[in-house]
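Visitor: Pasting the sequence and the predicted model now:
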Amino acid sequence: MPDIMPVEAPVLQVDDLTVRFRRRGMDVAAVNGVSFALARGETLTILGESGSGKSVSLKALMGLLPDYAQIEGDVWLDGKPVLELPPAELAKLRGSAVSMIFQEPMAALDPVYTIGEQIAETIVQHEAVSRATAMRRTLDLLDHVKIPSAARRMKNYPHELSGGMRQRAMIALALACSPSVLLADEPTTALDVTVQIQILLLLRQLQEEFGMAIVFVTHDVGAAAEISDRIAVMYAGRFVETATTREIMRSPRHPYTEGLLASTVHGGLRGRVLETIPGAPPNLAHLPQGCAFAPRCRHAREICAHGEVPVTVSPTGAMVRCVRAAPVPAQEVSA
Amino acid sequence: MNMTADPRDRGGPAQPLLLVNDLRKHFPVRGGLLGRQIATVQAVDDVSFSVRKGETLGIVGESGCGKSTTARLLMRLIEPDAGDVVFDGDPVGDRHGLSVNAMRRQMQMVFQDSYSSLNPRMTMAESVAYAPRMHGLPAKEALSRAEDLLAQVGLNPRQYARRYPHELSGGQRQRVNVARALALEPRLVILDEAVSALDKSIEAQVLNLLAELKARFNLTYLFISHDLNVVEYVSDRVLVMYLGRVVETGPVEAIYARPRHPYTRALFASKPTLDPDRRTKEMPLTGDPPNPINPPSGCRFRTRCAFAQAICAELVPPLAAPLDGADDSGAHLVACHLPHAQQVLHA
Amino acid sequence: MSQATAELVRRELGPVEITPIAAAPGYWKAVGQRLMRDPVTIAVTVILLGIIFISIAAPLVAGADPYAGSVLARLKPIGTPGHWLGTDETGRDLWARLCYGGRLSLLAGILPVSISLVVGGFLGILAGYAGGLVGTLIMRTMDVFYAFPSILLAIAICGLLGNGLSNSVIALSVVFIPPMVRISETVTTQARHLDFVEAARASGTTTMQIIRHHVLANVLGPILVYATSLISVSIILSAGLSFLGLGVTPPQAEWGLMLNSLRQAIYVQPYVAALPGVMIFITSMCFNLMSDGFRSAMDVRLNK
């Protein structure tokens, strides 16, 4: 059961995604039952700190996890069940129906080919057009991502471009075949603030032009507020709260979300002691019973440490995984 | 800021703890067949500032602005090409002043990467006790001081003293780094992006800790960061750097409320909003920060400045009082030739 | 923990750690654990220890005088009663000669590497840490030696000094110093730029203190691995020198020398003639595999 039901058929639907890494000496529950649905042209931000499982979730959507990852659940992309596809079919989907941009552009760009060649090759592979057509579209794409002197830049190698331009080249590569879904794994985290805002604005603009849905993973509340329609807050492999951006920023309901927003530093807090969430995120190899956040939660009660945590879904589609949000008497809607 | 009598204090509260004059560092770029110098990275150029006793001076800027190089120059981890550093009235490195070693006992640094800052083969207590031991403290006393410092930074020595770096989380390691920096009882601590690599909730904890320690040990901080919000929260005065030069400096409220330099304005306008109803609509600044190799002549920001004129290419703008005359306390300084460029268009 | 600290802890930190961290072994313990799980390295180390033991305990194990020859018992094949591995061309028991020969061969293998480790390691760490003029001077001097192929250099030095075991040890030490310097310098240069070394410099401690406490522990691992791999080279080179008449002199037992003297017997008793070569092969192979095992064990990526 997805947590939020959009009006039209969702372009991406994830049901109870679970990822465990099992290897000699390691048993880590990285993702514990994540569900969401994404409509065309919508941006969902997965907000979480390190160790929350956000990057792993993203990689699972494209089948990019190593062999020792055990994946359960269902992922439907444009109606196709991604996790059950044979590798050849999955390879066809990557780049054409779904593509990904990373924190480090060199993770996506091959250093021994010019960026023009790389983008054109992707187009040719997925859409079987002539090379000349592909080159023309590449030029068009580079213009779209606002790389100046695109015709000249097409012949540059990745190391000849500055950091911001490499980022844009990577975005152009990801959009080459007009995917329905763009997965963005912390693409602005390593950027300077002036470049970051350019990339965020660019992504918003490209979304309007291309109409794709974006899943944006970040730990930066500011970036999330700038770009998302909805935010899903992730902790210890689960969504603890999802709602529209406005609802999350104005009236968070889960104690972790509250803590995260309260501990976000800004100048208005000068001279005051910052509110903090005590302790540290849990070890994913030894998750506590009951609510994973309970050991750090100031509202924790006896009941939080045992049993299933109730999930409450409001009429607008917002979800909270907390006992305090459950309506009284206990009429829970569990996922 | 009450300065309780520190026996090492010379000159009282009026004398700046740190005075930096025209600091310069250029790195040669070698290439070609014989490794000749083909270009220069002008990393730090004519940087001058002062740090008052008991304050926190924030240095803010993007990558390539030279803030980390400045920190390393101050600690003499890199030798400056030119410039003076005066610590509480004593010129550093001078025959009649403070030796570099003596300076290092009063000024310490915390680095950005909490993991690589710690020797992977040493326990936490050993890492913290290392410097005092090497300076002559008997091993037992050094260990005792290390344990005390671990407790001061919020780590129970019973649990953490004998651990190795890989057993601790990023936030815990950074606390150990702070403890290590305090082991020699310094008066000034340079925090070079010390909280930038931490998760936001951990960052808040460490910032609280730093504030506590500052009060407890009567410290002065030099806080270097690219995070505008954190710098605003933490600093009393702020220095804005661009491509190796200081472009603006002043009290934090003045700088953040009425930034005068076009770069500072663009920088602040680039901060992501925390209000989804008031999203950024336009890019305040286009393009990437240029290369510190062979930077633009005159004012280094002129290639991206909407107000640039001929004079900006010919003359390096000096750091001077704002040209609109509004601020005459002398505390707020801007490096810009043009009065109309310094006007704040909207509050 | 002092009284004051205990008081502080009790007052401010409380008894319970909210998020307990799991204990993990230190670096060397983790390396040891990895080694224990590697069957190849364990097997090879056991074999080597066996060979070393037999060489040291040669008088007890040999069962015959390695110098006692007998014209009647020349070139007996393997399995001859009384000489289970046969005899060489002057009738000496081959097993005894292999046992005693092991002493000299192993010595010629390990000693030069140890000497070059100390000398080369010192020079390399100095060059790597100091950099600048000193570093350049040391490294370019080493480069001159690198121009010569190792065996030729060894032969040249032995030719200069004369033959005999001590001279071949000296020659081999000189041959191994440049590669030791090179690897030490490389590793030290990398370590020097690590943040914790910079932090140590920033704390005003002296260079020697920094090298001793911070650089050495992090640098010795790779250097030792490299040195172990050089032992096999050293054994083969010294055997080669003896083969050429430049190292150990007859009638001493040494595997390379034995190979030389048994050369003509290869048509008569091929298996017996090959035996010293087999020992050289097994020993150097074992050292090689052991150093490989150490290298992978030391590559333990401790999770951050």
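Guide: Received the coordinates, thanks.

Visitor: Tell me, how many residues neighbour residue 163?
Guide: As the question left the chain open, I've gone with chain A. Number of residues near A:G163 (other CB atoms under 10 Å in any protein chain shown) recorded here: 17. (C-beta placed from N, C-alpha, C; glycine too.)

Visitor: that's the wrong chain, I wanted chain B
Guide: 20.

Visitor: same deal with A:V240?
Guide: 25.

Visitor: That one contacts A:I231, correct?
Guide: No: look at A:V240 against A:I231 with CB atoms under 8 Å: they stay out of range, at 11.3 Å.

Visitor: how far out from the middle of the chain is stretch B:70-78?
Guide: Chain-centre distance of stretch B:70-78: 11 Å, with CA atoms, centre = their mean, to the nearest Å.

Visitor: Can you get me the start-to-end distance on that stretch?
Guide: One end of stretch B:70-78 to the other measures 9 Å (CA to CA, to the nearest Å).

Visitor: what sits up against it?
Guide: Contact with stretch B:70-78 is made by B:18, B:20, B:23, B:25, B:44, B:47, B:59, B:69, B:79-80, B:83, B:85, B:92-93, B:100, B:103-104, B:107, B:109, B:190, B:192, B:222, B:224, B:241, C:198, C:201-202, as judged by CB atoms under 8 Å, 6 or more residues apart in numbering or on different chains.

Visitor: Please enumerate the strands of the stretch 51-200 of chain B.
Guide: B:56-60, B:82-87, B:90-91, B:107-110, B:188-192 (DSSP state E, counting those that start in this stretch).

Visitor: Tabulate these (a markdown table), appending mean neighbour count.
Guide: As requested, the strands of the stretch 51-200 of chain B are exported to a markdown table (neighbours: other CB atoms under 10 Å in any protein chain shown):
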| stretch | mean neighbour count |
| --- | --- |
| strand B:56-60 | 27 |
| strand B:82-87 | 19 |
| strand B:90-91 | 16 |
| strand B:107-110 | 26 |
| strand B:188-192 | 24 |
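
Visitor: The ones you listed: lowest mean pLDDT?
Guide: Note on the strands of the stretch 51-200 of chain B: strand B:90-91 shows the lowest mean pLDDT, a mean of 90.

Visitor: Strand partners (parallel or antiparallel) of that strand?
Guide: Here strand B:90-91 is paired, per DSSP bridges, with strand B:82-87 (antiparallel).

Visitor: Now do stretch C:171-191, average pLDDT.
Guide: Stretch C:171-191 comes out at a mean pLDDT of 92.

Visitor: The stretch 101-250 of chain C against chain B: which residues are in contact?
Guide: Contacts of the stretch 101-250 of chain C with chain B, taken as CB under 8 Å from any CB of the partner chain, map to C:194-196, C:198-206, C:209, C:213-214, C:217-218.

Visitor: are any of those residues buried, and which?
Guide: The neighbour count (16 or more other CB atoms under 10 Å in any protein chain shown) marks C:194-196, C:198-205, C:209, C:213-214, C:217-218 as buried among these.

Visitor: Which strands or helices does the stretch of helix or strand C:E198 belongs to pack on?
Guide: In this structure, C:E198 sits in helix C:195-202 according to DSSP states H and E. Secondary-structure packing of helix C:195-202 (3 or more CB pairs under 8 Å, 6 or more residues apart in numbering or on different chains; DSSP states H and E): strand B:107-110, helix B:124-134, helix C:207-210.

Visitor: Could you check the second one against chain C for contacts?
Guide: What it means is helix B:124-134. Yes: residues of helix B:124-134 are located near chain C by CB under 8 Å from any CB, namely B:127, B:130-131, B:134.

Visitor: Quick one: distance of stretch C:214-226 to the chain centre.
Guide: 14 Å.

Visitor: list the buried ones in that stretch?
Guide: C:214-226.

Visitor: so of those, which ones are in helices?
Guide: Assignment to helices by DSSP state H places the following of those there: C:216-226.

Visitor: what's the helix or strand for the closest residue to C:T189 other than its chain neighbours?
Guide: Setting aside the residues directly before and after it, C:T189 is nearest to C:G128 in space (CB to CB, 6 or more residues apart in numbering or on different chains), at 4.5 Å. If you go by DSSP H and E, C:G128 is part of helix C:94-130.

Visitor: could you say which helix or strand contains the closest residue to chain C within the stretch 201-335 of chain A?
Guide: The minimum distance from the stretch 201-335 of chain A to chain C, using CB to the nearest CB, falls at A:G279 (3.5 Å). A:G279 is located outside every helix and strand, with elements delineated by DSSP H and E.

Visitor: Surely it is in contact with A:A294?
Guide: No: here A:G279 does not reach A:A294: they are 10.8 Å apart, not a contact under CB under 8 Å.

Visitor: When those two are compared, which one has more neighbours?
Guide: Using other CB under 10 Å as the criterion, A:G279 and A:A294 rank with A:A294 on top: 21 against 17.

Visitor: residues touching the more buried one, list them.
Guide: A:A294 neighbours (CB under 8 Å, 6+ apart): A:288, A:300, A:304-305.
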